[in-house]
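> Return a 3D structure for these sequence lines:
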Amino acid sequence: MLHGALNLIDLAGSERMKKSEARGMTAKETIKINGSLSTLGRVIEALVKGNSHVPFRESKLTMMLKEHLIGESKTLMFVNVE
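Next up, the predicted model:
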């Protein structure tokens, strides 16, 4: 039996804070998004290396994607950088 899932995640707002001069709520959102992306990088690195501990719990993003990143699943990520 095959199972498919589609997750659409909008990470708009992740940018360099100094360059954008983000303030207030925008700055807080930017920090959270950039933290989630860093955690995603650490999770992927841990999975590739076969580490016994994978830090899925460090962000909501990686918790949500956990079942799609482990086992026999195939994951495709599109990134649009302007």
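> Where does pLDDT dip in this structure?
Where the chain drops to pLDDT under 70, the residues are 12-22, 82.
> Which secondary structure elements does the longest helix along it sit against?
Criterion DSSP state H: the longest helix present in the chain is helix 24-49. Where contact means 3 or more C-beta pairs under 8 Å, 6 or more residues apart in numbering; DSSP states H and E, helix 24-49 is packed against helix 17-20, helix 60-69. In short, each C-beta sits where N, CA and C put it, glycine included.
> 6 Å - rerun?
helix 60-69 (3 or more C-beta pairs under 6 Å, 6 or more residues apart in numbering; DSSP states H and E).
> okay, the helix it packs on in PDB with CA atoms only?
C-alpha atoms of helix 60-69 as PDB (Å, rounded to 0.1, in the frame of the first residue of the first chain):
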ATOM      1  CA  LYS A  60       7.500  22.700  15.200                       C
ATOM      2  CA  LEU A  61       8.700  22.400  11.500                       C
ATOM      3  CA  THR A  62      10.800  19.300  12.100                       C
ATOM      4  CA  MET A  63       8.100  17.700  14.400                       C
ATOM      5  CA  MET A  64       5.600  18.200  11.600                       C
ATOM      6  CA  LEU A  65       7.900  16.700   8.900                       C
ATOM      7  CA  LYS A  66       9.200  13.900  11.100                       C
ATOM      8  CA  GLU A  67       7.200  11.100   9.500                       C
ATOM      9  CA  HIS A  68       8.200  12.300   6.000                       C
ATOM     10  CA  LEU A  69      11.900  12.400   6.700                       C
END
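> neighbours of residue 61, just the number please.
20 (other C-beta atoms under 10 Å).
> which non-adjacent residue is nearest it?
The shortest distance from residue 61 to any residue other than its chain neighbours is 4.1 Å, reached at residue 36 (C-beta to C-beta, 6 or more residues apart in numbering).
> surely the one you found meets residue 58?
No: checked against C-beta atoms under 6 Å, the pair residue 36 and residue 58 is beyond contact range at 8.5 Å.
> more neighbours, the two?
For residue 36 and residue 58, the more surrounded residue by other C-beta under 10 Å is residue 36, and the numbers stand at 19 against 16.
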